[in-house]
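>>> Sequence first, then the predicted structure:
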Amino acid sequence: MSNKVIVVTGAAGSGKTTVRNYLAKHFNMTKVITHTTREPRYNERNGVDYYFESDSTFANKHYLESVEYSGAKYGSSYEGLQLAWDNSAEAVIVLDTKGAITYKRKLGKQAIIIFLQVNNVEMLKHRMVKRGDSMRKIIQRINSLEYKRDQQLPAELNGAIVINNDNWDVTKQKLNQIFDK
Ligand SMILES: Nc1nc2c(ncn2[C@@H]2O[C@H](COP(=O)(O)OP(=O)(O)O)[C@@H](O)[C@H]2O)c(=O)[nH]1
Ligand SMILES: Nc1ncnc2c1ncn2[C@@H]1O[C@H](COP(=O)(O)OP(=O)(O)O)[C@@H](O)[C@H]1O
């Protein structure tokens, strides 16, 4: 059986991290930890949520792909993916849509893309508040081109599994249907 990576993508606040954690917990998938120069949120830990980097330590890594998102850099490495595959045949990673497109192009059928949608932009904002993001950060995020872009499934990701995450119980059922053996 060849290794697979589940790529969870969508707008900020759409529930990507929540879906990733659910898949890791219930379907024996290993999380791929990515690198970022953004500041940690109050409940985030280095090496668990991200590897938090400075501009100079970020530049030292060897990336499969990297992007700028809302003024910070993010990148994922082959080594990180391989580390996850050493642990389980299925890995799970959270990426913006640009990163998801690169994974699809480079990994082909080994990458399974899940695009999360939320119908209501107000709901996305509310979820970021609930998560503890500062209002300044939320406004910066909502005004970023990347955030606007990631509201819609890009044409390059046609064929992705699209899940509407308005209601967590419904999302959970869909994930169970997709991944239950
Ligand atoms: N392309 C790419 N995107 C990433 C990577 N790590 C995180 N992201 C994405 O960067 C965006 C911003 O992430 P984050 O600051 O954690 O905000 P959040 O989505 O609101 O939790 C999200 O769309 C993440 O999915 C990476 O290594 N590569
Ligand atoms: N279906 C849902 N209904 C209500 N709240 C949700 C749902 N999915 C996620 N959340 C909450 O919304 C917030 C943002 O979710 P998160 O997974 O951090 O999003 P993302 O990683 O896409 O930015 C979190 O506080 C999370 O608990």
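That came through fine. Ligands and ions are numbered 1, 2, ... in the order given.

>>> Tell me how many other residues crowd Val94.
Look at Val94: counted by other C-beta atoms under 10 Å, it has 26 neighbours. Using the backbone N, CA and C atoms, a C-beta is placed for each residue, glycine as well.

>>> Could you measure from it over to Asn60?
22 Å (C-beta to C-beta, to the nearest Å).

>>> which non-adjacent residue is nearest Thr17?
Setting aside the residues directly before and after it, Thr17 is nearest to Val94 in space (C-beta to C-beta, 6 or more residues apart in numbering), at 5.9 Å.

>>> Need the per-residue pLDDT for that neighbour.
pLDDT, Val94: 98.

>>> where does it fall, phi/psi-wise?
Here is the backbone geometry of Val94 (degrees, to the nearest 10): phi -110, psi 120.

>>> Which residues of this protein lie near ligand 2?
Within the chain, the positions lying close to ligand 2 (C-beta under 6 Å from any ligand atom) are 10, 12-18, 127, 130-131, 165, 167-168, 171.

>>> Looking at these, which gets the smallest pLDDT?
Minimum pLDDT across these is recorded for Arg131, with 86.

>>> contacting residues for that one?
By C-beta atoms under 8 Å, 6 or more residues apart in numbering, Arg131 lies in contact with Gly13, Arg41.

>>> and what of Lys106?
Leu64, Glu65.

>>> which parts of the helix or strand encompassing it are buried?
Element membership for Lys106, per DSSP states H and E: helix 97-107. Neighbour-count burial for helix 97-107 flags Thr97, Lys98, Gly99, Ala100, Ile101, Thr102, Tyr103, Lys104, Leu107 (criterion: 16 or more other C-beta atoms under 10 Å).

>>> Could you give the number of residues near Leu116?
Neighbour count for Leu116, taken as other C-beta under 10 Å: 23.

>>> can you pull the pLDDT of it?
Note on Leu116: pLDDT of 98.

>>> what are the pairing partners of the helix or strand where it lies, and which direction each?
Assigned by DSSP H and E, Leu116 belongs to strand 111-117. According to DSSP bridges, strand 111-117 forms sheet pairs with strand 4-10 (parallel), strand 161-164 (parallel).
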